[in-house]
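> below is the structure, and that's it, no one-letter string:
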């Protein structure tokens, strides 16, 4: 099926002026313009199919990632797609281990973001040629082929090729049923759209009320800039969504719970909604008391040092957050472990991952028991290939994966990974949900579809990465129409 | 003294075709072209003094770093130098925490290499205006000012501002004597010039013989690509330099040893040369039996996974290396800790740092007891500012700092840091030495001076970062004369 030689790679700097509305603002990123380095690869095949890939950025610096994509291009151009996907591990290694380029990484920062954009385009192309969405391409792939996409370098002390194969073979059991379940019910989501740090209390209340009407039950709030503000904002959300149990209790109770016992526990309002989706088919979340489903998560976006994180969160513990996300530097594995040790007894889990730069960091976060929720990102890691290794390590350590999404395009991409994860790897929805942010989907040819606060599996072939050409043109930086106007206005 | 407003920042892509001779080749970087993003900042002061800064790269990708420097430039331009150095912590934070740019780092990879180049130029400018070499500027700076240059974010669980101040105040004792000692004897060095992986056995022998003649006693050999090759090459070096004791024994014996006892131990050939430079003044290394001074270090440049590193090095233990450098991924703190646990009992220490991307990684390497030798780099970390924090953490954990150097310009820069470290922080030369590679110094206005295998403290004002304009012009990529010829030859 796979055909053609890569004949062209183009990359563009596409920016959306989200900072104008305070969208996406948090304690460390106060004025993000959601942006992307947008890669399109073409082949010499007659089908005219293009592969589109993105990596997400926050505005300034996108041009640096564009430059890095161009530096990687020679590894892709003039290669047969069948040679690339036929030895995907080798190709991944080639991209990430170029003897000169690796110095400016390796496998981190700009050059790894660029790698992600290029590889995302390759996966989009491959899936389009196969006529399947990426999640389905992965679900239908036999375990040996899946494993052949993964570079196990630096993780064999935790996950060998044989381990991975065994996990994937176990994942075959019940796969068909889980695929049907996904197609019918979708993958549970939570929303971050209501509580950006730059939003006023009124905006927060209004968005939260609307989200509740739309069926959302899980809300993430940005914290970390000012404690009094955090207390006030968390109280607003808690007041609107109602009380909730702590993570500690949830974890304690959810062990060994299933079937009818589970339902009784759920009805008694002592377990989180997260377990609800793990009910036997037929038990829909709508059957449960609404109050028991509501959850609040908090996100500090790396604002704190280790002692500060513990102190600050101790003061927010009364709002019973399921997790605190990115309490400190994404590089600080031992720091996260220390924070986790202090906060888990208060019922607060640690979540991190959106800025963890490669599988080696995730490996250690798992080894060090530094997180209770693992947040993969579809654009910071080396595309599907590297995310596969992280999903498998998370499975081995029995840590739930709750992907990072939002930005521009991240929801579109990561839904494929998490739906595959449920069907073929984790086989569980317990304590699992995928972030959702309601921005910028209109710029994509195949935007996400959310129903009843769940991601519905995409049906179009590819990785849902293709942007509308008109949107790209308008938002190209600095020469697109939108930016020409904005920059002219700034000058006046 | 400090004067002027930054009126111009230029950055150039300068590459030296070192790969043609196999110089710098190792198990992961087989064909490096030693390169630099070279930054020059100018002020509106009438003195005409320019600040020059570099970051080191391996050829391809230098243009990406250049692009990142340009992305940072607006943080520097139109700033008064006195405002920058008057709140250096604030300026550092501004450069590294830009709300949009930090997404493509943060503090890692391309954007952090660019930060280093910019800040190195600021330090060069500052020191030149003060009429002092950077090491002397630092040595003369009072502890409070030194501390005000450091961003303690993410390291306060290990080193607070107060801790740092206390360490620096303790370092004041005996400072004058140590400065005199440095000026007279220099800082001990080891050479990596003899045993690049791409060199033939004959070249290796010839260079090693020449280095012995020149007074070198400590040799680093590149390993990790092929075990049989490694065995043969290590044997060649060991045969040429003579037998040496293991690290384990050295460490055991050197504790509590001083003065005459020390000399007796040294004479009995049971202690490494590293202690020799810690002798009271007057006892020169030349007084000691030569054989006792000779050491061999090994460097795998990240080639192995954790289990492989232990297995491979067990087979090279018979050559009694003082350390194995970069046995695995620079991101793998827990991996280094595991390797360290396995190899230290065999007398082999773990050294790493040249690709550790920021202070948070070094903090954890120290916390996890993952290394016995800490290798700072003057261009990967955020210049003097971030290196100060690492030197102080190393002091707190009593781990010797043995800087990474070589490449292009790294020797020129890092000598300032390690000489300052000895005079004002560590006050010890035990188990300490600085890497030296004999390449490309001729392109600098103020090249390093090596005497009796030691770095002699530079006396010219600045950070020794200024390149000869003619060299820059000739080696600019791709339009300099050298590259025009090479690229034309490649096309033919």
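Perfect, I can see it now. Quantities reported herein were computed from a predicted structural model and do not represent experimental measurements. Numbers count the residues shown, from 1 in each chain, chains lettered A, B, ... in the order given.

> ok, residue A:391 - contacts?
Contacts for residue A:391 (CB atoms under 8 Å, 6 or more residues apart in numbering or on different chains) come out as A:376, A:401, A:417, A:420, A:421, A:425, A:426. Using the backbone N, CA and C atoms, a C-beta is placed for each residue, glycine as well.

> helix, strand, or coil at the fourth one?
Recorded secondary structure, residue A:420: helix (DSSP: H, G, I helix; E, B strand; the rest coil).

> show me what contacts it?
So residue A:420 contacts A:134, A:135, A:138, A:139, A:391 (CB under 8 Å, 6+ apart).

> let me have those in JSON lines, adding distance to residue B:55 and secondary structure as columns.
Below are those laid out as JSON lines (distance: CB to CB, whole Å; DSSP: H, G, I helix; E, B strand; the rest coil):
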{"residue": "A:134", "distance to residue B:55": "37", "secondary structure": "helix"}
{"residue": "A:135", "distance to residue B:55": "41", "secondary structure": "helix"}
{"residue": "A:138", "distance to residue B:55": "39", "secondary structure": "helix"}
{"residue": "A:139", "distance to residue B:55": "44", "secondary structure": "helix"}
{"residue": "A:391", "distance to residue B:55": "35", "secondary structure": "helix"}
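
> chain B: which of those is nearest?
Distances from chain B to those, taken as CB to the nearest CB, are shortest for residue A:391 (19.1 Å).

> what about the closest one, distance to residue A:372?
16 Å (CB to CB, to the nearest Å).

> ok, and the closest non-adjacent residue to residue A:355?
residue A:330 (3.9 Å; CB to CB, 6 or more residues apart in numbering or on different chains).

> picking up where we left off before, JSON lines for the contacts of residue A:391, including secondary structure and pLDDT?
Compiled in JSON lines, the contacts of residue A:391 are given as follows (DSSP: H, G, I helix; E, B strand; the rest coil; pLDDT from 0 to 100):
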{"residue": "A:376", "secondary structure": "coil", "pLDDT": "98"}
{"residue": "A:401", "secondary structure": "strand", "pLDDT": "98"}
{"residue": "A:417", "secondary structure": "helix", "pLDDT": "98"}
{"residue": "A:420", "secondary structure": "helix", "pLDDT": "98"}
{"residue": "A:421", "secondary structure": "helix", "pLDDT": "98"}
{"residue": "A:425", "secondary structure": "helix", "pLDDT": "98"}
{"residue": "A:426", "secondary structure": "helix", "pLDDT": "98"}
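
> top helix in chain A by residue count?
helix A:109-130 (DSSP state H).

> who's in contact with the residue in chain A that chain B sits nearest to?
As assessed by CB to the nearest CB, chain B sits closest to residue A:109 within chain A, at 2.1 Å. Contact analysis of residue A:109 by CB under 8 Å, 6+ apart lists A:357, B:104, B:105, B:108, B:109, B:110, B:111, B:112, B:357.

> nearest to residue A:301, of these?
residue B:105 (13.9 Å; CB to CB).

> what about that closest one, neighbour count?
26 (other CB atoms under 10 Å in any protein chain shown).

> just the pLDDT at it, thanks.
On the pLDDT scale, residue B:105 is placed at 96.

> for it, give its distance to residue A:409.
20 Å.

> now do the phi/psi pair for the spatially closest residue to residue A:349 that is not a sequence neighbour.
The shortest distance from residue A:349 to any non-neighbouring residue, by CB to CB, 6+ apart, is to residue A:372 (3.3 Å). Backbone geometry at residue A:372, expressed as degrees, to the nearest 10, gives phi -110, psi -10.

> tell me the contacts of residue A:372?
With contact set as CB under 8 Å, 6+ apart, residue A:372 has these partners: A:247, A:251, A:323, A:340, A:344, A:349, A:350, A:351, A:399, A:400.

> from residue B:240, how far off is it?
55 Å.

> sorry, back to before: relative to helix B:109-130, how tilted is the longest helix of chain A?
Interaxial angle, helix A:109-130 versus helix B:109-130 (axes from the mean of the first three to the mean of the last three CA atoms, to 10 degrees): 160 degrees.

> state the mean pLDDT of stretch A:446-462.
97.

> how about it: buried residues?
A:446-448, A:450, A:452-458, A:461-462 (16 or more other CB atoms under 10 Å in any protein chain shown).

> could I get those as CSV with secondary structure?
Shown next, in CSV, are the buried residues of stretch A:446-462 (three-state DSSP):
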residue, secondary structure
A:446, coil
A:447, coil
A:448, coil
A:450, strand
A:452, coil
A:453, coil
A:454, strand
A:455, strand
A:456, strand
A:457, coil
A:458, coil
A:461, coil
A:462, strand
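
> just the strands in the stretch 251-400 of chain A please.
Counting by DSSP state E, counting those that start in this stretch, one finds strands in the stretch 251-400 of chain A at the ranges A:295-299, A:323-325, A:349-352, A:373-374.

> does chain B have contacts with the longest one?
Right, the one you point to is strand A:295-299. No. For strand A:295-299, no contact with chain B is found by CB under 8 Å from any CB of the partner chain; the gap never falls below 14.9 Å.

> and what of stretch A:208-226?
No. Using CB under 8 Å from any CB, stretch A:208-226 stays clear of chain B, coming no nearer than 11.9 Å.

> what about the stretch 151-300 of chain A, any weak spots by pLDDT?
A:244-293 (pLDDT under 70).

> what residues does it put near chain B?
A:152, A:153, A:154, A:155, A:156, A:157.

> mark which of the residues you listed are part of helices, please.
The members of these all map outside helices under DSSP H.

> closest one of these to residue B:15?
Nearest to residue B:15 among these, with distances taken as CB to CB, is residue A:153, at 27.7 Å.

> any idea how far residue A:92 is from that closest one?
10 Å.

> repeat for residue A:384
From residue A:384 to residue A:92 the distance is 10 Å (CB to CB).

> which of the two has more residues huddled nearby?
Counting neighbours by other CB under 10 Å for residue A:384 and for residue A:92 shows that residue A:384 has the greater number, 30 against 23.

> got a list of what that one touches?
A:119, A:120, A:123, A:134, A:138, A:149, A:416, A:417.

> redo the residues you listed as JSON lines? Include neighbour count and distance to residue A:318.
Listed next are the contacts of residue A:384 as JSON lines, based on neighbours: other CB atoms under 10 Å in any protein chain shown; distance: CB to CB, whole Å:
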{"residue": "A:119", "neighbour count": "30", "distance to residue A:318": "44"}
{"residue": "A:120", "neighbour count": "26", "distance to residue A:318": "41"}
{"residue": "A:123", "neighbour count": "26", "distance to residue A:318": "44"}
{"residue": "A:134", "neighbour count": "29", "distance to residue A:318": "42"}
{"residue": "A:138", "neighbour count": "24", "distance to residue A:318": "42"}
{"residue": "A:149", "neighbour count": "22", "distance to residue A:318": "45"}
{"residue": "A:416", "neighbour count": "28", "distance to residue A:318": "38"}
{"residue": "A:417", "neighbour count": "26", "distance to residue A:318": "35"}
